[in-house]
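J.: structure for the following, please:
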Amino acid sequence: MTIRELYYGDNLQVLREQIPDESVDLIYLDPPFNSQRDYNLLFRTSSGEPSNAQIVAFQDSWHWGEQAETEFDYILKQPNTQVASMIGAILGFLGRNDMTAYIVMMTSRLLELRRVLKPTGSLYLHCDPTASHYLKITLDAVFGKENYRTEISWRRSSAHNDARQGRIQYGNIRDVIFFYTKSSEWNWNWQYTPYSKEYVEKNYNHKDENGRRFRLDNLTAAKGGGDTSYEFHGTYPYKGRFWAYSKENMEKMLSEGRLYFPPNGGTPAYIRYLDEMPGVPLQNDWGDILPAPRGEDLGYPTQKPLALLERIIKASSNEGDVVLDPFCGCGTAVHAAESLNRQWIGIDVTHLAISLIEKRLRDAFAGIKCAVHGTPKDLDSARDLAKRDKYQFQWWACSLVNAQPFGGQKKGADTGIDGVIFFRDDYKGGPKKIIVSVKGGDNINVGMVRDLKGVLEREKAAMGIFVCLASPTKPMITEAAAAGLYQSYGERRYNRIQILTIEDLFSGKKAEYYDVTAGQATFKKAAVTEKKPNKTLLDDLGPE
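T.: All right, here's what the predicted structure looks like:
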């Protein structure tokens, strides 16, 4: 079976309980950097204006507490004594604080990631300079300093004038990507970048009758072996030189039209066409990949461009290999893996991320099916999630009706809005709004439906959807019906307030409204992606 799996939950627990030893070919991780920031995810309407549906996607900070102590204790007892010594030294130097909580958290996860990696596997850790020096030490201890391959510098933005904002140091425009392998033998496919215009004009300065650019390469060598000083069509190597090829190979090149004889005499040269060359072997300074371009950007705060992940996946894996992203965010790594015919596993700690990835994959790959673990599959698991985490339940319930989550974990009074759906029922008018209210408790009553009706009036919304775990009471059903009908474009009419239980949604029931944008007014839609063959420029152009 093809592995296409998404896991909701703490990646440390998922790795320990779900991912077998030496089962993964390539790991890419882009963990939060402990920069003490909250990353707000700001949704927009189809008109491009902010929709007020701003939520804390994740909090980029850790604090030393019980969890950090538990993971530190585990590190001290596991078999890799170098890692234990390293953590002990860092803790002795820095003390117990936010930064060391982050290092401990990353160390315990890197130990698990090394365990699940195949002997020929590779790991790429993407970070910024905030904690990269500590992460490099951690990686050396976990993977062995002999398995460090390189530090890639990705120029994530062009230069910007931070001086105007009062910055009194160098501008920061790059991220760091550490490349490690599990052993001294690893999967590798050279990648290439195009030659510069200046290089082409200087070195490929000849053209044939068809306009193909070529350069002339020397066919002689300083040392010879066997009979390499023969006469070839009236020419000999220069004095003190030998032919670099056997006479048989020289004749073959001649028959293929690959030899150039100077019009004024002299030794022939080899014709090397520009369009047959793969380009420049990829170096570790990546300034040619821009941030996620328009049409690819889904609005996620730390989204990386597909081209960046495709480059990594092409270089360090082959078709059919398993790619793992334990901090998968909006799913760029799994999207790239799918497009390149790899198998993949993604893990994230928020239901919001998992639901966004599911939608992204459905938009990009028609008919794709993936297994989603950790999200509720029945009423009991839905109730359990509602009890454990109110906001995760709300985000998950909103995903069932394709709504943007609204607010969440924000201080202040409850606005009565848990989700928003934007739609257009004709091509001429602007976007209209549906308010979603989610209730995860057992005690629901008619007053909650009245409250939703009031929110619709306040927000000038077209419709409202009441999503609940418990079955609605008769007074609630009556109150919803009394809200009347929404007259959509043409002759369509829909209940202005609709009540949907989680059980309804599990059974396939959907909210009823007409939307000419097919949901694109609510969420940005990932472009349809064609599967790409696992080829490099060398495959396309032939050998040098």
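J.: ok, Trp396 - contacts?
T.: Residues counted as contacts of Trp396 (Cβ atoms under 8 Å, 6 or more residues apart in numbering) are 351, 355, 375-376, 385. C-beta here means a position set from N, CA and C on the backbone, and glycine is covered the same way.
J.: distance between the host helix or strand of it and the chain's centre?
T.: Per DSSP states H and E, Trp396 falls inside helix 390-400. Centroid displacement of helix 390-400 relative to its chain, using Cα atoms, centre = their mean, to the nearest Å, is 22 Å.
J.: any idea which helix or strand comes after that helix?
T.: Counting by DSSP H and E, the next helix or strand C-terminal to helix 390-400 is strand 404-405.
J.: parallel or antiparallel, list what pairs with the helix or strand following that following strand.
T.: As assigned by DSSP H and E, the chain's next helix or strand after strand 404-405 is strand 419-423. With DSSP bridges as the test, strand 419-423 is paired with strand 404-405 (antiparallel), strand 432-439 (antiparallel).
J.: of these, which stretch is the most buried?
T.: Highest mean neighbour count of the strands paired with strand 419-423: strand 404-405, a mean of 26 (counted as mean count of other Cβ atoms under 10 Å).
J.: sorry, back to before: now the two most distant members of the contacts of Trp396.
T.: For these, the maximum inter-member distance is 13.0 Å, found between Ser355 and Leu385 (Cβ to Cβ).
J.: tell me the angle the helix holding Trp396 makes with strand 432-439.
T.: Between helix 390-400 and strand 432-439, the angle comes out at 130 degrees (axes from the mean of the first three to the mean of the last three Cα atoms, to 10 degrees).
J.: in helix 390-400, which residues are buried?
T.: 390-400 (16 or more other Cβ atoms under 10 Å).
J.: only C-alpha atoms, please: export it in PDB.
T.: Extracted in PDB, the C-alpha atoms of helix 390-400 (Å, rounded to 0.1, in the frame of the first residue of the first chain):
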ATOM      1  CA  LYS A 390     -12.200  23.400  23.400                       C
ATOM      2  CA  TYR A 391     -10.400  25.200  20.700                       C
ATOM      3  CA  GLN A 392      -9.100  22.200  18.900                       C
ATOM      4  CA  PHE A 393     -12.600  20.800  18.900                       C
ATOM      5  CA  GLN A 394     -13.900  24.100  17.400                       C
ATOM      6  CA  TRP A 395     -11.300  24.100  14.700                       C
ATOM      7  CA  TRP A 396     -12.000  20.500  13.800                       C
ATOM      8  CA  ALA A 397     -15.800  21.100  13.800                       C
ATOM      9  CA  CYS A 398     -15.300  24.100  11.500                       C
ATOM     10  CA  SER A 399     -13.300  22.000   9.100                       C
ATOM     11  CA  LEU A 400     -16.300  19.600   8.800                       C
END
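J.: right, and Ala292 touches Thr302 too?
T.: No. Ala292 is beyond contact range of Thr302, at 10.2 Å (criterion: Cβ atoms under 8 Å).
J.: output the buried residues of helix 390-400 in a markdown table, with pLDDT and distance to Tyr134 appended to each entry.
T.: Shown next, in a markdown table, are those (pLDDT from 0 to 100; distance: Cβ to Cβ, whole Å):
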| residue | pLDDT | distance to Tyr134 |
| --- | --- | --- |
| Lys390 | 88 | 34 |
| Tyr391 | 87 | 31 |
| Gln392 | 88 | 30 |
| Phe393 | 93 | 35 |
| Gln394 | 91 | 35 |
| Trp395 | 88 | 32 |
| Trp396 | 93 | 34 |
| Ala397 | 94 | 39 |
| Cys398 | 92 | 37 |
| Ser399 | 91 | 36 |
| Leu400 | 94 | 40 |
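J.: need the contact list for Leu485.
T.: Going by Cβ under 8 Å, 6+ apart, the list of residues near Leu485 reads 493-496.
J.: and those residues as TSV, adding neighbour count?
T.: Shown next, in TSV, are the contacts of Leu485 (neighbours: other Cβ atoms under 10 Å):
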residue	neighbour count
Arg493	12
Tyr494	17
Asn495	18
Arg496	20
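J.: which among these gets closest to Arg156?
T.: Nearest to Arg156 among these, with distances taken as Cβ to Cβ, is Tyr494, at 45.0 Å.
J.: sheet-wise, list the partners of the helix or strand hosting that closest one with their directions.
T.: Using DSSP H and E, Tyr494 maps to strand 493-495. With DSSP bridges as the test, strand 493-495 is paired with strand 485-487 (antiparallel).
J.: can you verify Glu151 is assigned to a strand?
T.: Yes. Under DSSP: H, G, I helix; E, B strand; the rest coil, Glu151 sits within a strand.
J.: ok so, going back, how about TSV for the strands paired with strand 419-423, with distance to Tyr102 and mean pLDDT added?
T.: Formatted as TSV, those follow (distance: least, Cβ to Cβ, whole Å; pLDDT from 0 to 100):
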stretch	distance to Tyr102	mean pLDDT
strand 404-405	26	85
strand 432-439	33	95
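J.: for those, which one sits closest to Ser196?
T.: Evaluated over the strands paired with strand 419-423, closeness to Ser196 peaks at strand 404-405, with 44.3 Å, by Cβ to Cβ.
J.: off-centre distance for the closest one?
T.: Counting by Cα atoms, centre = their mean, strand 404-405 comes out at 21 Å from the chain centroid.
J.: do the same with stretch 194-201
T.: For stretch 194-201, the distance to the chain centre is 31 Å (Cα atoms, centre = their mean).
J.: same question for stretch 335-347.
T.: 10 Å.
J.: buried set for it?
T.: Quick answer for stretch 335-347 (16+ other Cβ under 10 Å): 335-340, 342-347.
J.: and those, which of them are in strands?
T.: Residues of the buried residues of stretch 335-347 located in strands (DSSP state E): 343-347.
J.: same list (those residues) but as TSV, adding distance to Asn97 and pLDDT.
T.: Shown next, in TSV, are those (distance: Cβ to Cβ, whole Å; pLDDT from 0 to 100):
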residue	distance to Asn97	pLDDT
Gln343	40	98
Trp344	36	98
Ile345	33	98
Gly346	31	97
Ile347	27	96
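J.: beta partners for Thr220?
T.: Beta-bridge partners, per DSSP bridges, of Thr220: Trp243.
J.: please tell me how far it sits from Thr138.
T.: For Thr220, the distance to Thr138 equals 52 Å [Cβ to Cβ, to the nearest Å].
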